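[1] Structure for this input, please:
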Amino acid sequence: MAQMKEYFKIAFRNLKTRSLRSWLTIFGIVIGVFLIVSLLSLSQGVQSTIDEQLNALGGEMIIVMPGDESNPFMGMMMGGDKLEREDVEAIKRSRGVEQVLTMSYRSSVMRYREESKTVFIAGIPWKTGMDILQRFQGWSLNQGRWPILGRREVVIGQQVVNEIFKDEVKINTEAIIKGRKFEIVGILDSLGSKSDDSFIYMDMDLFQDITGEKKGSAQVAMVKIEEGASEDKVAEAIKENLAKTRKRKVGTDVADFAVITSSKISGITGDIMGIIEFAIAIFAGIAILVGAIGIMNTMFTSVRERTREIGIMKAIGAKNSAVLTIFLVEAGIIGLGGGIGGMILGIAFAKTIELYGQVHPLFYFSASVTPGLIIFSVAFSFFVGSLAGFFPARRAAKLKPVEALRRFE
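    Numbering: from 1, shown residues only. Here you go, the predicted structure:
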């Protein structure tokens with residue numbers, strides 16, 4: 001133990017003597033570890049957020065929307081086709097379906113006091129949908145009450161309160177949407193995403209009245225399945241009924257609606273995040289490889305510069321293993337320093353993005369910095385440093401004392 005302590009002292013002294021070169025070499029490792037810690041923690045945070053959103057559906061919900069099933073959200077974003085009344089009825093008739101909640105949305109100008117802003121308004125059938133929204137999607141009120149059917153009343157998301165308008169939007173005040181007056185009677189607790197928190201929610205009949213959307217139609221249908229029913233079997237039943245309905249309407253059963261289960265959404269996002277993490281690993285690996293080459297180059301240079309010192313050490317009795325260990329420790333310290341620096345910068349960057357994400361982006365998410373990721377990044381950087389220093393250390397250990405001393409006579 002005392003001997004190893006002495007080796008560390010020698011290694012630190014040598015690094016301090018060549019401080020500029022040491023710091024430049026450490027910086028190469030810092031970049032690679034920084035990429036690993038920051039990007040992987042952010043990608044894991046995004047995945048965790050998506051999983052939480054899916055769990056909010058209770059694992060018993062199926063989403064039906066316009067678009068191709070291979071890219072289900074494109075149709076939702078682009079608009080276009082809608083679920084007609086016959087389509088919604090077909091979904092309700094499907095075996096295993098307990099309840100169907102339809103929703104439509106579009107952008108509109110809202111005037112609040114003296115200010116006008118473009119907002120998203122969404123129509124939801126309060127009478128039939130409130131149970132699903134509260135029990136399975138976690139909707140709750142932060143202030144106020146739920147709208148009363150038949151009245152022009154709306155509830156708003158958290159982002160509408162403070163972010164969209166200059167003046168704070170309060171309950172029991174009026175807003176003008178599409179030239180009609182609405183009373184704001186409730187403010188929702190956060191729904192988990194910035195986009196959802198930026199909506200104005202009203203009863204579906206009011207929405208269709210002010211937008212002119214056809215009665216009974218919808219852009220999205222969320223299906224609550226019966227307890228104990230198979231999610232996949234219910235999804236197949238919905239597809240069959242939708243195909244039959246479409247064939248009666250237009251003479252073809254070509255699918256133009258995506259029927260998406262929560263497990264399928266989780267699989268899609270998992271595949272996407274897996275590709276992202278693989279790309280991150282490639283870039284981080286390249287950066288660490290460059291850093292390792294830098295360590296190797298630095299250590300070879302150090303061996304050449306310290307040839308006489310090595311000769312003196314061996315002349316007074318230092319063994320090959322001692323010289324090898326000193327140089328390995330020195331290289332390991334460079335790698336460890338880069339790992340610690342990269343870890344600190346990576347965590348700081350990830351947490352900064354997390355804080356920024358609480359205000360600006362579309363989704364709330366956290367940077368998932370786990371102890372395992374921290375331990376791995378530090379241990380891996382130390383291993384890379386030691387491995388990169390092995391060949392220079394072996395060359396130093398094999399130097400013969402007479403030749404080393406003669407070289408600098």
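
[2] pLDDT wise, what is residue 249 at?
    Looking at residue 249, its pLDDT is 59.

[3] buried ones in stretch 197-216?
    For stretch 197-216, a neighbour-count test (16 or more other Cβ atoms under 10 Å) marks 197-204, 206-211, 213 as buried. (Glycine included, C-beta is placed from N, CA and C.)

[4] quick check, distance from that stretch to the centre of its chain.
    Computed by Cα atoms, centre = their mean, to the nearest Å, the chain-centroid distance of stretch 197-216 equals 31 Å.

[5] what pLDDT, on average, does that stretch get?
    Here stretch 197-216 scores 89 as its mean pLDDT.

[6] what do you get for stretch 383-393?
    83.

[7] So residue 337 lies in a strand, does it not?
    No. Residue 337: not assigned to a strand; according to DSSP: H, G, I helix; E, B strand; the rest coil it is helix.

[8] Excluding sequence neighbours, find me the nearest residue to it.
    Spatially, and ignoring its direct neighbours in sequence, residue 337 is nearest to residue 26 (4.7 Å; Cβ to Cβ, 6 or more residues apart in numbering).

[9] Tell me the helices and strands packed up against the helix or strand harbouring the one you found.
    Secondary structure from DSSP states H and E places residue 26 in helix 19-56. The elements that helix 19-56 packs onto, with contact taken as 3 or more Cβ pairs under 8 Å, 6 or more residues apart in numbering; DSSP states H and E, are helix 262-305, helix 320-357, helix 371-388.

[10] mean confidence score for the helix or strand that comes right after it?
    Downstream of helix 19-56, the next assigned helix or strand under DSSP H and E is strand 61-66. For strand 61-66, the mean pLDDT works out to 82.

[11] where does strand 61-66 sit relative to the chain's centre, distance-wise?
    23 Å.

[12] That one - contacts with which helices or strands?
    Using 3+ Cβ pairs under 8 Å, 6+ apart, strand 61-66 sits against helix 72-78, strand 220-225, helix 231-250, strand 257-261, helix 262-305.

[13] what about dumping the CA coordinates of the third one to CSV?
    Presented in CSV, the C-alpha positions along helix 231-250 are these (Å, rounded to 0.1, in the frame of the first residue of the first chain):
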residue,chain,number,x,y,z
GLU,A,231,-55.7,-4.8,-25.9
ASP,A,232,-54.5,-6.4,-29.2
LYS,A,233,-57.8,-8.3,-29.8
VAL,A,234,-59.9,-5.1,-29.2
ALA,A,235,-57.6,-3.2,-31.6
GLU,A,236,-58.2,-5.8,-34.3
ALA,A,237,-62.0,-5.7,-33.7
ILE,A,238,-61.9,-1.9,-34.1
LYS,A,239,-59.9,-2.2,-37.3
GLU,A,240,-62.4,-4.7,-38.8
ASN,A,241,-65.4,-2.5,-37.9
LEU,A,242,-63.7,0.6,-39.3
ALA,A,243,-62.9,-1.3,-42.5
LYS,A,244,-66.5,-2.4,-42.9
THR,A,245,-67.8,1.1,-42.3
ARG,A,246,-65.4,2.6,-44.9
LYS,A,247,-66.3,0.0,-47.5
ARG,A,248,-70.0,1.0,-47.1
LYS,A,249,-69.1,4.7,-47.5
VAL,A,250,-66.6,4.7,-50.3
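
[14] and it, which residues are buried?
    By 16+ other Cβ under 10 Å, the buried positions in helix 231-250 come out as 231, 234-235, 237-239, 241-243, 245-246.

[15] And for residue 338, nearest residue in space, chain neighbours not counted?
    Nearest residue to residue 338, sequence neighbours excluded (Cβ to Cβ, 6+ apart): residue 29, at 2.5 Å.

[16] do the same with residue 183
    Once flanking residues are discounted, residue 183 sits nearest to residue 153: 5.1 Å by Cβ to Cβ, 6+ apart.

[17] Could you pull up the residues touching that neighbour?
    Applying Cβ atoms under 8 Å, 6 or more residues apart in numbering to residue 153 gives the contacts 147, 182-185, 202.

[18] angle of the helix or strand harbouring residue 104 against strand 61-66?
    Per DSSP H and E: residue 104 is located in strand 97-112. If you take axes from the mean of the first three to the mean of the last three Cα atoms, to 10 degrees, strand 97-112 sits at 60 degrees to strand 61-66.
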